[in-house]
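Trainee: Everything below, folded, please.
(one chain, ligands or ions: 1)
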Amino acid sequence: MPELPHVSVAALMPAPPSHADRSEPTACLGLDLGGTKIEIAALDGEGRFLLRQRCDTPQGDYAATIESIAGLVEAADAQLGCRLPLGAAIPGSVSPVNGLIRNANSTVLNGQPLLHDLQQRLARPVRLHNDANCLAISEAVDGAGQGARVVFAVILGTGVGAGIAIDGVDWLGCNAVAGEWGHNPLPWPRSSAAWRELPGPRCWCGLQGCIETWLSGPGFAADHFAHTEQQRSAKDLIAAMRAGESAARASFIRYADRLARSLAQVINLLDPDVIVLGGGMSNVSELYDEVPQRWGAWVFSDTVRTRLLPARHGDSSGVRGAAWLWRDQVLSDTPLSAS
Ligand SMILES: [Zn+2]
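Mentor: Numbers count the residues shown, from 1 in each chain. Got it, this is the predicted structure:
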């Protein structure tokens, strides 16, 4: 990930105390920049929350977003009595070409030098990663994928994203797009009237039939509408499916089958030990039976040992993974400077 070369922990923080001198616990500060909420949390070295705060995300206003983040960080400094480096989970990612944000569905961030602006405004080192990468880190370090070598973590929410963690460290790739699976096409598409998967819905990214257009919560609802002309939310559809409504059940089975195909392609390429699901659709417990029953048909193997699990830390995975972006420092010599 590109970081400003002239800003470092050593430059901005007083020299760290030795372990013997340390009177306060080491800690990490993480921030989750979502489309509706911004959350900040501090974790101690054992992963326990030292504080959590949140505020609404200013809508469509980049400068106000920076100020809202600064307000949360300064309040955390005051509460902790020290100034910690910040990890942040963001929609989109930092371009390795120019350091600007790209691919964010919160489009006000796109094209902005967010890393530079946060480091300047907060006067401390900042690390930014995609929110799905932070989910992967969180779940690999002390979540559902703890102890697994390769974790593929998926967010099934208003959008679809994914990240990869190997031995507890996220794998970004040389273009910083590793795990960007939501904008691959739905694999093994079916054109029959029962499935209607070709050519697939238009995606905001400019392509058509992306996995995100099928597996996001809105994508699930849109598919139900396409088959029934009933406008219902994903949450209502799951409740109707559980109440025994056949059309809702059929929509859920199409969803589970598409998720199984999409994850089978991941298994064929990456062969992860654990696949962790986060985001709103990850709360649908029936997926953890339906999907593994189906994915074997497309995995090029006589067995599938990969485990499909819900995120252990749920909605907290963003802030936790963001905080763990500084875990290397906490596990070695994280400075805790006086404010
Ligand atoms: Zn797309």
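Trainee: Got the domain ranges for the chain?
Mentor: Domain assignment of the chain by automatic domain parsing yields the ranges 9-134+317-338, 144-311.
Trainee: Considering those, which stretch scores lowest in mean pLDDT?
Mentor: Mean pLDDT values for these show the minimum at domain 9-134+317-338, a mean of 84.
Trainee: any idea which element the residue nearest in space to the middle of the chain lies in?
Mentor: The chain has Ala132 as the residue nearest its centroid, 2.1 Å off, counting by Cα atoms, centre = their mean. Using DSSP states H and E, Ala132 falls within helix 131-142.
Trainee: can you give me phi and psi for the nearest residue to Asn130 once chain neighbours are set aside?
Mentor: Spatial nearest neighbour of Asn130, chain neighbours left out: Ser93 (4.6 Å); criterion: Cβ to Cβ, 6 or more residues apart in numbering. Where C-beta positions appear, they are placed from N, C-alpha and C, glycine not excepted. The phi/psi pair for Ser93 (degrees, to the nearest 10) reads phi -150, psi 170.
Trainee: which residue packs closest to Ser301, ignoring adjacent ones?
Mentor: Ile267 (7.8 Å).
Trainee: so the one you found touches Val304, yeah?
Mentor: Yes - counting by Cβ atoms under 8 Å, Ile267 does reach Val304; the two are 6.6 Å apart.
Trainee: Dihedrals phi and psi, the closest residue to Leu109 other than its chain neighbours?
Mentor: Closest residue to Leu109 apart from its sequence neighbours, by Cβ to Cβ, 6+ apart: Ile101 at 4.5 Å. Phi and psi for Ile101, reported as degrees, to the nearest 10, are phi -70, psi 140.
Trainee: Show the contacting residues for Ile101.
Mentor: Ile90, Gly92, Ser93, Val94, Ser95, Leu109, Asn110, Gly111, Gln112, Pro113, Leu114 (Cβ atoms under 8 Å, 6 or more residues apart in numbering).
Trainee: Show me which of those residues is closest to Tyr62.
Mentor: Distance to Tyr62 across these (Cβ to Cβ) is lowest for Gln112, with 5.6 Å.
Trainee: That closest one contacts Leu100, doesn't it?
Mentor: Yes - Gln112 is in contact with Leu100 according to Cβ under 8 Å; the separation is 6.4 Å.
Trainee: Next to the ion, which bits of this protein? Give me the list.
Mentor: His183, Cys203, Cys205, Leu207, Cys210 (Cβ under 5 Å from the ion).
Trainee: Counting neighbours, which of these comes out on top?
Mentor: Among the residues of the chain next to the ion, Cys210 has the most neighbours (other Cβ atoms under 10 Å), with 25 neighbours.
Trainee: and Gln208, bridged to which residues?
Mentor: Counting by DSSP bridges, Gln208 is bridged to Arg202.
Trainee: what residues are up against it?
Mentor: Counting by Cβ under 8 Å, 6+ apart, Gln208 touches Pro199, Gly200, Pro201, Arg202.
Trainee: let's go with 10 Å and repeat that
Mentor: Going by Cβ atoms under 10 Å, 6 or more residues apart in numbering, Gln208 touches Pro185, Leu198, Pro199, Gly200, Pro201, Arg202.
Trainee: mind checking the SS state of the closest residue to Thr228 other than its chain neighbours?
Mentor: Leaving aside its chain neighbours, Thr228 sits nearest to Ala247 (5.2 Å; criterion: Cβ to Cβ, 6+ apart). Three-state call for Ala247 (DSSP: H, G, I helix; E, B strand; the rest coil): helix.
Trainee: For Ala247, list the residues it contacts.
Mentor: His224, His227, Thr228, Gln230, Arg232, Leu237, Ala240, Met241.
Trainee: Run a quick check on Cys174 versus Val97, I expect a contact.
Mentor: No - in this structure, Cys174 is not within contact of Val97 by Cβ atoms under 10 Å, at 11.8 Å.
Trainee: Tell me which of those two has more neighbours.
Mentor: Taking other Cβ under 10 Å, Cys174 and Val97 do not tie; Val97 has more neighbours (10 against 7).
Trainee: The more buried one against Asn175, yeah?
Mentor: Yes - contact criterion Cβ under 10 Å: Val97 and Asn175 qualify, at 9.3 Å.
Trainee: and for those two, which residues touch both?
Mentor: With Cβ under 10 Å, 6+ apart, Val97 and Asn175 have no common neighbours.
Trainee: Can you get me a residue count around the residue of the stretch 1-150 of the chain found nearest the ion?
Mentor: Closest to the ion within the stretch 1-150 of the chain is Asn103: 9.8 Å, counting by Cβ to the ion. Asn103 has 19 neighbouring residues, counting by other Cβ under 10 Å.
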